[in-house]
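Asker: Here's a sequence, model it:
(one chain, ligands or ions: 1)
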Amino acid sequence: MRFAEKSFEVRFCAALSAAMMPFNRNPLWYGMTQAQERASGIDTMLRHGGDLVIFQFKAKQGGKFTLERDQWRVLTSVARKYPESTYYVFPEAEDTITAASYGCLLERSWCAKVTDIGPAFRSSSKSVNLTLNAAAKSLEKKRPTKKIAVSSSCGMFGCFCTMDWSRSHLGRALARHEFLTYFFGLKLFGEPAGDVYAPALEGKRFGIPIGRKSDPLDDSEPITERGQLERLFSDSAEQAFRGLWGLFLPHSDRTALP
Ligand SMILES: [Zn+2]
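Answerer: Below you'll find the model as predicted:
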């Protein structure tokens with residue numbers, strides 16, 4: 001059976017939620033309707049702490065991915081302002097049996113920043129076909145040849161499968177059967193959890209800051225109301241964000257990613 005875009009999307013969201021769970025018990029996922037997706041280019045958004053990350057998922061068909069210029073252009077208007085906010089995600093698997101065989105779906109889900117996809121659209125075509133070369137960590141286009149670097153989602157967003165358990169606080173606590181002590185320690189004393197989550201997240205800024213500045217040293221401008229978010233996209237996006245006022249609800253700091 002074909003690994004459909006929707007199946008890939010829900011499984012990716014589930015896997016990323018699982019990777020976040022020790023630090024965030026309530027990751028806020030927003031799924032867009034088809035009309036909203038047409039206007040904004042967005043499949044799904046994730047709000048973690050005070051930041052919003054945007055995803056556009058692609059399914060593999062006949063060994064390739066098809067990207068539309070119009071969609072890429074809309075997403076680019078956001079990505080130019082917030083480069084670490086907007087991602088294309090590509091599954092390595094084309095069928096459900098292959099997808100089910102992976103130990104970690106995130107490891108076999110490849111990400112590219114929307115701004116990095118640009119070279120694929122140098123010609124004037126409305127859409128472009130790309131093939132994934134997972135061994136070379138690249139998406140490739142023929143005639144003219146272009147290569148776009150991609151990263152595994154484990155490396156990009158963090159995942160337990162990348163960690164060295166023997167050296168982590170959690171690994172040591174597990175070895176000593178001190179699991180609960182570890183989590184209480186985290187909660188009470190705010191023990192740094194960076195080595196438990198992925199090194200990739202340390203010091204890296206993700207997403208569009210929503211509602212407030214989460215880091216006083218960060219000079220990116222926070223988005224405080226829906227109109228500002230709409231204007232990041234284009235006129236057509238006005239409809240897309242109707243009803244998404246929930247984005248601006250206060251979100252507990254306690255559940256923010258480390
Ligand atoms: Zn992983």
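Asker: For the helix or strand containing Ala14, C-alpha coordinates in PDB please.
Answerer: Using DSSP states H and E, Ala14 sits in helix 5-20. What follows is helix 5-20 as a C-alpha-only set of coordinates in PDB (Å, rounded to 0.1, in the frame of the first residue of the first chain):
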ATOM      1  CA  GLU A   5       0.900  11.900   2.500                       C
ATOM      2  CA  LYS A   6      -1.700  11.900   5.300                       C
ATOM      3  CA  SER A   7      -0.400   8.700   6.800                       C
ATOM      4  CA  PHE A   8       3.100  10.100   6.700                       C
ATOM      5  CA  GLU A   9       1.900  13.300   8.300                       C
ATOM      6  CA  VAL A  10       0.100  11.800  11.200                       C
ATOM      7  CA  ARG A  11       2.900   9.300  11.900                       C
ATOM      8  CA  PHE A  12       5.500  12.100  11.800                       C
ATOM      9  CA  CYS A  13       3.500  14.200  14.200                       C
ATOM     10  CA  ALA A  14       3.100  11.200  16.500                       C
ATOM     11  CA  ALA A  15       6.800  10.500  16.400                       C
ATOM     12  CA  LEU A  16       7.900  14.100  17.000                       C
ATOM     13  CA  SER A  17       5.300  14.300  19.900                       C
ATOM     14  CA  ALA A  18       6.800  11.200  21.400                       C
ATOM     15  CA  ALA A  19      10.300  12.700  21.200                       C
ATOM     16  CA  MET A  20       9.100  15.800  22.900                       C
END
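Asker: now it, how far from the chain's geometric center?
Answerer: 10 Å (Cα atoms, centre = their mean, to the nearest Å).
Asker: Repeat that for stretch 1-14.
Answerer: 14 Å.
Asker: lowest-pLDDT helix or strand in this protein?
Answerer: helix 179-189 (a mean of 47; mean pLDDT, DSSP states H and E).
Asker: quick revisit: would you tell me what the next helix or strand after the helix holding Ala14 is?
Answerer: strand 28-31.
Asker: List, one by one, the residues from this protein near the ion.
Answerer: Cys104, Leu106, Glu107, Cys154, Cys159, Cys161 (Cβ under 5 Å from the ion). C-beta: built from backbone N, CA, C; applies to glycine.
Asker: Relative to Phe157, how far out is the residue in the stretch 1-150 of the chain that the ion sits nearest to?
Answerer: Proximity of the stretch 1-150 of the chain to the ion (Cβ to the ion) peaks at Cys104, 3.3 Å away. Going from Cys104 to Phe157 by Cβ to Cβ, to the nearest Å gives 12 Å.
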